[in-house]
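Peer 1: after the sequence you'll find the predicted model.
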Amino acid sequence: MTLTKRKLFKLGDIVRQLGGELIGDPHVRIHQVATLESARSTDIAFLAQSRYLPQLSQTRAAAVILGPEARDASSLPRIISANPYAYFAKVSMLLNPPAAVEPGIHKSAVVDKSARVAKSTSIGACAVIGKEAQIADSASIGPGCFIGDGASIGAGSRLHANVTVYHECRIGARCIVHSGVVIGSDGFGIAKEEGVWKKIPQIGRVLIGDDVEIGANTTIDRGALDDTVIADGVKLDNQIQIAHNVRIGANTAIAACVGIAGSAKIGSNCALGGASMIYGHITLADNVNVSAGTLIMKSLEQPGTYTGVYPFSSHQRWLRNAAHLRQLDDLVKRVRELEGRPRKAERDKS
Amino acid sequence: MTLTKRKLFKLGDIVRQLGGELIGDPHVRIHQVATLESARSTDIAFLAQSRYLPQLSQTRAAAVILGPEARDASSLPRIISANPYAYFAKVSMLLNPPAAVEPGIHKSAVVDKSARVAKSTSIGACAVIGKEAQIADSASIGPGCFIGDGASIGAGSRLHANVTVYHECRIGARCIVHSGVVIGSDGFGIAKEEGVWKKIPQIGRVLIGDDVEIGANTTIDRGALDDTVIADGVKLDNQIQIAHNVRIGANTAIAACVGIAGSAKIGSNCALGGASMIYGHITLADNVNVSAGTLIMKSLEQPGTYTGVYPFSSHQRWLRNAAHLRQLDDLVKRVRELEGRPRKAERDKS
Amino acid sequence: MTLTKRKLFKLGDIVRQLGGELIGDPHVRIHQVATLESARSTDIAFLAQSRYLPQLSQTRAAAVILGPEARDASSLPRIISANPYAYFAKVSMLLNPPAAVEPGIHKSAVVDKSARVAKSTSIGACAVIGKEAQIADSASIGPGCFIGDGASIGAGSRLHANVTVYHECRIGARCIVHSGVVIGSDGFGIAKEEGVWKKIPQIGRVLIGDDVEIGANTTIDRGALDDTVIADGVKLDNQIQIAHNVRIGANTAIAACVGIAGSAKIGSNCALGGASMIYGHITLADNVNVSAGTLIMKSLEQPGTYTGVYPFSSHQRWLRNAAHLRQLDDLVKRVRELEGRPRKAERDKS
């Protein structure tokens, strides 16, 4: 990763490249994106939620990106887009392109002579590339990365510093893999015999599609027998643990600290909240949302949002309330009895 | 880790080496292990749970491993074993032996001249071995690993790429340590004085026994005063956090994302489910099972399975139900009052 | 990190340097600190909690550190201090000073010629320092670390092996960063357009104050637009995830496995228990304590301790009780109905 000189765009150029309707001076120069609150006079900001409307009137931004419903909410030069947040993402990518890959293998890198490394790739200092590994065009392997024997990294993918990819695993094109990620470590496969655990060799691989991003220190285990599979467009945050033989469908987004146990199948377009946990050997349908902190113990066949977290309170109040959870079954019986009593009493009376 | 040519075994040879009863042709050649569902005509599969019986009749496997109760459930060549899953583990190890260690120190590795490194070890590219560190026979230190001053790695142990072992820590024989693991970092020892935290030097070590496996990105802190101790045969999955002065008994297995706070003592043969959390300074007896997602706040003196997770539901239903948790104490009082009322009513009547 | 020869102090010297009242022989030689239970005849131990009083009478320690209330609880040579635990921390730091930094750049390190590296720093083997990075006086960069372009490390800070600091991030003075830490990785910024996630460039930085300690494998994401900020004196344990644009106030201590979602603001002097989780875009006041395992979903404006965890029980008992949680709303209705009934019954009677 090298420092990039930021580009500078005129509003008119932005609309020409990205579409949307421009209201106001097309010659306004935009240096950077910013929030409404912190924007300076050379920035473009955006309004994605109506609750930030008060900030719109206060912003010092040079221009703003607004939805159609807010087109008259500001007199600043503005771009009207049906999806201001996605539009802002694209403007930001225009103004902040990923650092260019400087082709070349650093002299301290250790690349096995049987590895197939495209000339347009960048291999960082102290990176180690194993036997018969493949690094495709314009890929970038950061300093200190390890790419195991027979592993392959797709075109245009960028591995930041200190990523580990075990043997025979495959990463698709245009992926971004952050530091500390481990791909292809052994799944937790053990069998007990006479009180002692025997290791089950993990002979599957990890197969990762195109356009996947993987956050820092996330781990994805290789399959026990078959492969672990992450489909195209999946976005994984930091410190996620994906066990052996998990399958994740296209364009699913998973927040930080999530754990997915072995052989779970997550559908496409799902969203798993931070620190949610998914049992092994279950299936989540497409378009399932799991709330943060929720443990999913059985398959979910219907789309929708699922939640299960204990609501917090002051510690004293929690102490008083939580103690009853261990007697909840008794409480229900007592209520059932109370409900029966009046009838019995009435019978006795009659 | 290097690519290994897989061996090929005849059924008769497998039974000769591993025991069990063979029914059918001993000359059938087995190339690989597989699940019943995905097995090809050169694979051996296994049936460990009766719910997979339907797959047994459909499998294309060359042979299967069955329990005594299922000995007639298939007409395929088959091995009968009291523990089909453990038998399968051993067959897989036969067919997929760990890659041979290629002795030698890579020229890019940095090994302090006072380190004692056995000739039969493999030290990977860009690995760094500190002063007076010891690497025993046939151990393998992966690329990018760091072994601190005075640390020792036992015979036959394999550290995958990018493992960090701090000074003076000890890893036993035949251990497997996956990438991103950190062993011997400082425990979280701080004391507050006049509003500011003072660091407490962490002067203990981490002592790890033989035949321990440690999953990717797991962290084990060194002891504050005494040592942190992991006994023989313990199996740790990925992203586990083990705090200072924890002690874990032999053959305990711990699933991913578990946290164990300082000075907790976990017995032998325990099983901690994924994302379970163990308070500090408590003791878990031998043979305790903790369910996934459960927080254990006090010592457990009896073997058994312990659980405490909020069951999930649709978000709407959760909202309706969870709100009452904050008034559960009130609800119990109301029920108590209701239970009292009829008696009072009866007194009034009489 | 190099092995340090431990110093040896006389009791009188300790009190001269650190204050406190000495009772007994000032010439007693102290080699090391220890717990009451494991102390040997050359160690000094401490009593911070009255529940360890029985151990005080049994200890073999050469001397002890006691609070004023316990000044007569032992006849051993003793130091009386208002805060025995903090005093012990300082004695331990005296006896176990951090290993001296050996200035110099290891010949296998890769330091960009535009980096500004003070002569008194230590750059470990295979460390990689980017363009225009700054490493201040007496800082120590461990083996295998990566310091990105334009990043800066403050005076006296120590990065253990295999730490990753992305471009333009700043770490203050006297910080300690443990192995596997990733600072400045991209936050989880994505916007959906036509069913596909677009990346939002993360153009903020991570700014870390002075005297911060960061535990092994903790991750701190760079800001999306503005910066992620960790104030002076913050102490972070292992495997913590801090998302983009989080702000953490001075002297807050966070235990292991905590996750803090994007743009959350944590006050000063807070304490977050292990595996607690904090929602995004909320604010925690100063002096807030969150119990282990608790999910905080909304802002906390008052100091105090907050808790929300499902209490564990035997699995069978949990099964019986937890099932009712999904019908808690019904139960409350039934109780409400029961409370109404008597009145109705009385009305009918009258």
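Peer 2: Looks like it arrived, so ask away. Numbering: from 1, shown residues only, chains lettered A, B, ... in the order given.

Peer 1: and the residue of chain A at minimum distance from chain C, what's its pLDDT?
Peer 2: Taking Cβ to the nearest Cβ, chain C has its nearest neighbour within chain A at A:Phe312, 3.0 Å off. Every residue, glycine included, has its C-beta placed from N, CA and C. Looking at A:Phe312, its pLDDT is 96.

Peer 1: same question, A:Ala345
Peer 2: 46.

Peer 1: shouldn't the residue of chain A closest to chain C be in contact with C:Leu300?
Peer 2: No. With contact defined as Cβ atoms under 8 Å, A:Phe312 does not count as touching C:Leu300 (9.0 Å).

Peer 1: what residues are shared contacts of those two?
Peer 2: C:Tyr306 (Cβ atoms under 8 Å, 6 or more residues apart in numbering or on different chains).

Peer 1: check contacts around the residue nearest to the spatial centre of chain A.
Peer 2: By Cα atoms, centre = their mean, chain A has its centre lying nearest to A:Leu236, at 2.6 Å. Applying Cβ under 8 Å, 6+ apart, we find A:Leu236 in contact with A:Val212, A:Glu213, A:Ile214, A:Gly215, A:Thr218, A:Ile230, A:Ile242, A:Ile254.

Peer 1: same thing with A:Pro303?
Peer 2: Counted by Cβ under 8 Å, 6+ apart, A:Pro303 has contacts A:Ala285, A:Asp286, A:Asn287, A:Val288.

Peer 1: leaving out the residues flanking it, which one is nearest to it?
Peer 2: A:Asn287 (3.7 Å; Cβ to Cβ, 6 or more residues apart in numbering or on different chains).

Peer 1: OK, contacts around the one you found?
Peer 2: Contacts of A:Asn287 (Cβ under 8 Å, 6+ apart): A:Gly267, A:Ser268, A:Asn269, A:Cys270, A:Pro303, A:Gly304.

Peer 1: just for the stretch 201-350 of chain A, where's the confidence low?
Peer 2: For the stretch 201-350 of chain A, applying pLDDT under 70 flags the ranges A:341-350.

Peer 1: for it, which segments count as helices?
Peer 2: A:315-322, A:328-349 (DSSP state H, counting those that start in this stretch).

Peer 1: quick check: residues of the stretch 101-250 of chain A near chain C?
Peer 2: Residues of the stretch 101-250 of chain A lying close to chain C (Cβ under 8 Å from any Cβ of the partner chain) are A:106, A:108, A:124-126, A:142-144, A:160-162, A:176, A:178-180, A:213, A:215-217, A:233, A:235, A:237-239.

Peer 1: selection in PyMOL covering whichever of these are buried, please.
Peer 2: Listed next is the PyMOL selection for buried residues among those, using 16 or more other Cβ atoms under 10 Å in any protein chain shown:
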select buried, chain A and resi 106+108+124+125+126+142+143+144+160+161+162+176+178+179+180+213+215+216+217+233+235+237+238+239
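
Peer 1: and chain B, which of the residues of the stretch 101-250 of chain A next to chain C contact it?
Peer 2: Answer for those near chain B (Cβ under 8 Å from any Cβ): A:Ser108, A:Cys126, A:Gly144, A:Asn162, A:Gly180, A:Asn217, A:Gln239.
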